[in-house]
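K.L.:
Quick one, structure for this:
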Amino acid sequence: MSCTEDVRFNNPAFQTLKDNNFWRAQVYKAGMESDGTFVIEGSLGYEQIRFQLPEPTEKTYVLSADAAAKATYKNTYKGQEAEFTTSIGKGNGQIIVTEYNTVENTISGTFKFTAVNADSGAEKQTMYFSEGVFYKIPITQGGNFVPVNNLN
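P.N.:
Down below sits the predicted model:
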């Protein structure tokens, strides 16, 4: 009798534990917006996680302390609309860019954060994201994104 393991590698990948439930994006992208903000996004149906960074540099971005670094979760499903975000003094966490590959035009890293509901009257006020990974997310241009070589 032999044993086999079904191991799958997600390349690229964008996944996390959202309030301790596994969440994996089906669509992901990264790029530079015309205002100079670098964005990394992962979406699953009506849900989206979006990171805004000042640049795609390999370093740790501390959320709620750095005005240029922000994490947002949105649900746009009718009747379940919600937006949770970090900003100066709101929420906390970190985004760590572990690799910015200019040859393959990809970005990788890890994240964890606690985001606060934009609606202060909502029943659910915070959402927790832990063990987050974005791996080899393609950096693109077009749509809202401008060429990344404008960074240099």
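K.L.:
Not counting its own residues, what contacts stretch 31-47?
P.N.:
For stretch 31-47, contacts defined as C-beta atoms under 8 Å, 6 or more residues apart in numbering pick out 14-15, 23-30, 48-56, 68, 73-77, 80, 107, 134, 137, 139-141, 143-148, 150-151. Every C-beta, even on glycine, is put in place using the N, C-alpha and C of the backbone.
K.L.:
make that stretch 76-87, sorry
P.N.:
45-48, 63-64, 67, 70-75, 91-93, 113-119, 122, 124, 126-127.
K.L.:
ok, of those residues, which come out buried?
P.N.:
Among those, those scoring as buried are 47-48, 63-64, 70-75, 91-93, 113-117, 127 (criterion: 16 or more other C-beta atoms under 10 Å).
K.L.:
Which ones among the contacts of stretch 31-47 map onto strands?
P.N.:
Mapping those onto strands (DSSP state E) picks out 14-15, 23-24, 27-30, 48-53, 73-75, 107, 134, 137, 145-146.
K.L.:
got any ranges where this structure has weak pLDDT?
P.N.:
1-10, 66, 142-143, 148-152 (pLDDT under 70).
K.L.:
List the buried residues for stretch 84-93?
P.N.:
Using 16+ other C-beta under 10 Å as the test for burial, stretch 84-93 gives 84-87, 90-93.
K.L.:
In CSV: those residues, plus distance to residue 37 and secondary structure.
P.N.:
As requested, the buried residues of stretch 84-93 are exported to CSV (distance: C-beta to C-beta, whole Å; DSSP: H, G, I helix; E, B strand; the rest coil):
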residue, distance to residue 37, secondary structure
84, 19, strand
85, 14, strand
86, 15, coil
87, 14, strand
90, 18, strand
91, 18, coil
92, 20, strand
93, 18, strand
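K.L.:
quick revisit: list only buried entries from the ones in strands among the contacts of stretch 31-47.
P.N.:
The neighbour count (16+ other C-beta under 10 Å) marks 14-15, 23, 28-30, 48-49, 51-53, 73-75, 107, 134, 137, 145-146 as buried among the ones in strands among the contacts of stretch 31-47.
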